[in-house]
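J.: Pasting the sequence and the predicted coordinates here, then a few questions.
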Amino acid sequence: MKHRILAAAAALVIASSVLSSCSNSSEKESSENAATSQSAQTEASQTESVENTAPTAAERKDALYSYICENFGQTMLSCQQESTWMGSPDYEMNYIEQTTGKLPAMRGLDFMNNDFDGVVQRAKEWDAKGGIVTICWHTGVKSSGYQESLDDNPDFSKLLTEGTDEYNTLMESWDKAAKALQQLRDAGIPVLWRPFHEFDGAWFWWGKGGSENFIKLWQLMHDKFTNEYGLDNLIWVLGYSGEVKNGWYPGDECVDIIGSDTYDNSTNVKAWKKLEKVADKPMAFHECGNVPPVSDFEKDGDIWSWFMIWHTNFITDNNKDNLKAVYNSDKVITLDELPKF
């Protein structure tokens, strides 16, 4: 439109010049066409510059974290953990969409079984839809797997001592996860990173060494992933069990969000009250089975940053009418309601 207006204006000037002087009109037309062409080139250059300037992963992370902080206590992001063995990696997402007409705002993924490439690909696809990505990791010390995460029982005095075989083996494992997260960073994707979840329950190896060793482990990963691997796209989520035991907090400087999980069909309000005393951070209901009615959250006063229903039968066991009501509540944010980060 701008070009058409400029061209029309130029044409009027040229026509006026023809009436007064044919000799001067040629000079005017040449000058005005040059000005119009220059204006068009400048505008095109500015448009191209804007289009080629995309926010970095760090900038998008900051915008996402600000959004979470601003909405904490007011609305909950819907989140769903995926599985990859039910015929389609979108098994849970398809079920939710068919049941509620909506998709979750956030997708939960897991590096379990060394599925680094798959997680990266699905995270990119979800981000392209406008969604938020959160990643956990069921892993052993030596090999990545759910059973290993339960069965391993390392000697923490060796595991946390640089130069030991145990330490080197752990670092080799972390290197794989860090490189996958770097791919997401380079793609401009922020990640809600939730390692070592349910640590205070001590059923996973990372909690078996007690609170002091866990804190060292968390701080070690935070330092290496931040300073060595340059992962400035991570929002660090500290996920307690439902018990929320005292003495396990690694410190404000390496935690962005705290949370708890439970599968007792409650709003997890008992954990909420304990978490309030741990740190002044946004709080997440990072795993649940049956999600309660939204009115229960309002009554209990625990409007979490998000709730995440676990995969497979945990989502399909939810009452369909309640699930639809939850996903269509004004208090719950779905994929279609997210801003662009």
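T.: Received, thanks. Source: prediction; values computed, not measured.

J.: The stretch 101-250 of the chain: helices as residue ranges?
T.: Using DSSP state H, counting those that start in this stretch, the helices of the stretch 101-250 of the chain run over 116-128, 146-151, 156-159, 165-186, 210-223.

J.: What helices and strands are in contact with the shortest one?
T.: Here helix 156-159 is seen to pack against helix 165-186, helix 210-223 when contacts are counted using 3 or more C-beta pairs under 8 Å, 6 or more residues apart in numbering; DSSP states H and E. Heads up, the C-betas are built off the backbone N, CA and C, glycines and all.

J.: I'd like to know which of the ones you listed is closest to G242.
T.: The closest of the helices and strands packed on helix 156-159 to G242 is helix 210-223. By C-beta to C-beta, the value is 16.8 Å.

J.: Just want the angle from the closest one to helix 165-186.
T.: Using axes from the mean of the first three to the mean of the last three C-alpha atoms, to 10 degrees, the inter-axis angle of helix 210-223 relative to helix 165-186 is 50 degrees.

J.: quick one, domains of this structure?
T.: What automatic domain parsing lists as the domains of the chain is 2-51, 57-337.

J.: how about stretch 274-292: buried residues?
T.: Neighbour-count burial for stretch 274-292, counted by 16 or more other C-beta atoms under 10 Å, picks out 274-275, 278, 281-292.

J.: one step back: of the helices of the stretch 101-250 of the chain, which is nearest A325?
T.: For the helices of the stretch 101-250 of the chain, the distance to A325 is smallest for helix 116-128, at 24.4 Å, taking C-beta to C-beta.

J.: Include mean neighbour count, mean pLDDT and distance to Y65 when you put the helices and strands packed on helix 156-159 into JSON lines, please.
T.: JSON lines is the format used below for those (neighbours: other C-beta atoms under 10 Å; pLDDT from 0 to 100; distance: least, C-beta to C-beta, whole Å):
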{"stretch": "helix 165-186", "mean neighbour count": "17", "mean pLDDT": "97", "distance to Y65": "15"}
{"stretch": "helix 210-223", "mean neighbour count": "17", "mean pLDDT": "98", "distance to Y65": "16"}
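
J.: right, and out of the buried residues of stretch 274-292, which lies closest to W174?
T.: H286 (21.2 Å).

J.: what about that closest one, which helix or strand?
T.: strand 283-288 (DSSP states H and E).

J.: Direction included, what does that strand pair up with?
T.: strand 257-261 (parallel), strand 306-309 (parallel) (DSSP bridges).

J.: ok, back up a step: with the buried residues of stretch 274-292 in mind, which one is nearest to E253?
T.: Using C-beta to C-beta, these come closest to E253 at K281, 11.9 Å.

J.: My understanding was that the closest one contacts D256; is that so?
T.: Yes. Counting by C-beta atoms under 8 Å, D256 is a contact partner of K281 at 6.8 Å.

J.: before we move on, back to that, ranking the strands paired with strand 283-288 by burial, who's on top?
T.: Most buried of those by mean neighbour count (mean count of other C-beta atoms under 10 Å) is strand 306-309; its value is a mean of 28.

J.: Can I get it in CSV, CA atoms only?
T.: Taking Å, rounded to 0.1, in the frame of the first residue of the first chain, the C-alpha atoms of strand 306-309 are listed here in CSV:
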residue,chain,number,x,y,z
TRP,A,306,1.1,-26.2,36.1
PHE,A,307,-0.2,-29.7,36.7
MET,A,308,1.2,-32.6,34.7
ILE,A,309,-0.7,-35.9,34.3
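
J.: And the next helix or strand after that strand, what does it pack against?
T.: Helices and strands here follow DSSP H and E; after strand 306-309, the next one along the chain is helix 313-316. Secondary-structure packing of helix 313-316 (3+ C-beta pairs under 8 Å, 6+ apart): helix 91-100.

J.: Can you list the helices and strands that the helix it packs on packs against?
T.: When contacts are defined as 3+ C-beta pairs under 8 Å, 6+ apart, helix 91-100 packs onto strand 76-81, helix 313-316, helix 320-327.
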